[in-house]
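Colleague: could you work out the structure for the sequence below:
(2 chains)
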Amino acid sequence: MKINNPAKAGSLESNDIFVMVFPNENGNEIELESIVIKQFGKRIREVIEETLKELNVENAKIIAKDRGALDYTIKARVETAIRRAM
Amino acid sequence: MEFRFLMDFEKHLVDEFLKGIGLELEKDVDETLCCFEDGEIIGTCSYSKNVIKCFGIKEEYRGEGLASSLITKIQNRMFDKGIYEYFVFTLEKNVQIFKSLGFKEVARADSVVLLEGGTSDVNRYLLNMLKASGIDVSKKRAALVVNCNPFTLGHLYLIERAAKENQEVIVFVVEEDRSAFPTDIRFNLVKLGCRHLKNVTVIKGGRYIISSNTFPSYFLRKKDDKLSIYTKLDATIFGMYIAKIFNINRRYVGTEPYCDVTNEYNKTMLNILPNYGVEVCLVERLIKDGRAVSASIVRSLLKEDKLNEVEKLVPQITYDFLKTEEGKRIIENIKRRDLPH
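Modeller: Got it, this is the predicted structure:
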């Protein structure tokens, strides 16, 4: 799936994540900020990467600002942002 | 609770609301978002270009997550307008609110903190700038920041002096396009005018050197406070990030006989930059016919239609440009308007 334009999904409310997607030239790139980066940073990154893989995305720059979202929220937000970016 | 963007004719309500909590609605905001409860404003947030500002929440509604709703909504709006990188100025006591919403601190001066959000990242931005410039950072170098509105013999004198006293020199030309001479013209005149100096690299200053993105005119009431904080933030960002990334150990500045803003800026640099290992070299201005050569003098001569007097104060390249069609157009503009810079 090819990213054509910038798009976003989610919010900065508690328990949500704000995901921005941009076209990227050299593969996928993820920039993550989270209020629980020490505890769950690695896991959040994994969920984002898995979601990108499932959707066959190979040229996305993802900027995510997390406020304690659960895995399925993260997945849903990333997927929505990607579909909006197509 | 209802959120909506206000029409211009309603904006005085926001101003009244903000005044009630010690702030005000600035004139330059592009859009203003408000949160209402029973028809009454309980929170608001605006943006002007890519700066989020005039943010306030009624005392009794604080701490309930209203800030995150307001910031999310304003961010969405900015995103839809193609603004992906933005800044916010806030007081130290409110920093945590913005940090928890994904903003990153850039620098602080006195009690004011500059944060950036969205895709903005000072280190990445400067590293890209460095890469694009092709500068070799293994060598220490001296730096100058110039607006050159337009490029005069005074600027050239200062740059030549730095070039003589240092192995390598970098000249940052202010990129913000708010001067009588457009950025590209200012930049090209400096670049061409320094061609003979082999150890001088001229590049555009980008977003973190004297730009309106990083100018706080928010919640700082007195004009002199504002100026002092602005100059401190700028000098701190230069020391913390630019000097570090570009391996700069000296900054050259000319003494300023006419402009208070520049004078204050020089004083601040002398105080702040040495903390970051940058020596400030204050050079006496070039004097010609008994007066210091400065771009503001050149502009006032242009205003009075004294192009022949300007010839003595600017390098040939600037003088040649002033005689082109484009140059004439700019002179006409200067005659009609009163710009500080």
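Colleague: residues in chain B within reach of chain A, list them.
Modeller: For chain B, the residues in contact with chain A (C-beta under 8 Å from any C-beta of the partner chain) are B:65, B:68-69, B:71-72, B:75-76, B:79, B:82, B:84, B:100-102, B:104, B:117-119, B:121. Where C-beta positions appear, they are placed from N, C-alpha and C, glycine not excepted.
Colleague: quick check, central residue of the chain?
Modeller: This is for chain A. A:V78 (4.2 Å; C-alpha atoms, centre = their mean).
Colleague: try again with chain B
Modeller: Taking C-alpha atoms, centre = their mean as the criterion, B:S211 is the residue nearest the geometric centre of chain B, at 1.8 Å.
Colleague: got a list of what residue 66 touches?
Modeller: In the absence of a named chain, this looks at chain A. Contacts of A:D66 were listed using C-beta atoms under 8 Å, 6 or more residues apart in numbering or on different chains, and they are A:I17, A:F18, A:L32, A:E33, A:S34, A:I35, A:V36, A:I37, A:I44, A:I74, B:G102.
Colleague: my bad, the chain I had in mind was chain B
Modeller: Each residue near B:L66 by C-beta under 8 Å, 6+ apart is listed here: B:C35, B:I42, B:G43, B:I57.
Colleague: got it, and A:G27?
Modeller: If a contact means C-beta under 8 Å, 6+ apart, then A:G27 has A:E58, A:N59 as its contacts.
Colleague: what pLDDT does it get?
Modeller: Here, the pLDDT recorded for A:G27 equals 92.
Colleague: what do you get for the one 4 residues further on?
Modeller: A:E31 carries a pLDDT value of 93.
Colleague: same check, this time on B:R178
Modeller: The predicted local distance difference test score for B:R178 is 83.
Colleague: that's a strand at it, yeah?
Modeller: No. Residue state for B:R178 (DSSP: H, G, I helix; E, B strand; the rest coil) corresponds to coil; a strand is not indicated.
Colleague: hmm, back to that, the contacts of B:L66 in strands, which ones?
Modeller: Judged by DSSP state E, strands contain the following of those: B:C35, B:I42, B:G43, B:I57.
Colleague: buried subset of those, written for PyMOL?
Modeller: The following PyMOL line selects those of these that are buried, judged by 16 or more other C-beta atoms under 10 Å in any protein chain shown:
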select buried, chain B and resi 35+42+43+57
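Colleague: coming back round to it: filter the residues of chain B next to chain A down to the buried ones.
Modeller: Buried members of these, counted by 16+ other C-beta under 10 Å: B:68-69, B:71-72, B:75-76, B:79, B:84, B:100-102, B:117-119, B:121.
Colleague: which element is the residue lying closest to B:A109 once chain neighbours are set aside on?
Modeller: Taking C-beta to C-beta, 6 or more residues apart in numbering or on different chains, and ignoring the residues beside it in sequence, B:A109 has B:K232 as its nearest neighbour in space, at 3.5 Å. Secondary structure from DSSP states H and E places B:K232 in helix B:223-237.
Colleague: buried residues of that helix, list them for me.
Modeller: Residues of helix B:223-237 classed as buried under the neighbour-count rule (16+ other C-beta under 10 Å) are B:K226, B:L227, B:S228, B:I229, B:Y230, B:T231, B:K232, B:L233, B:D234, B:A235, B:T236, B:I237.
Colleague: between those, which is nearest B:F187?
Modeller: Within the buried residues of helix B:223-237, the smallest distance to B:F187 is 19.4 Å, found for B:D234 (C-beta to C-beta).
Colleague: from chain A, which residue is nearest to chain B?
Modeller: Residue of chain A nearest chain B, by C-beta to the nearest C-beta: A:K65 (3.0 Å).
Colleague: surely that residue forms part of a strand?
Modeller: Yes. If the criterion is three-state DSSP, then A:K65 is within a strand.
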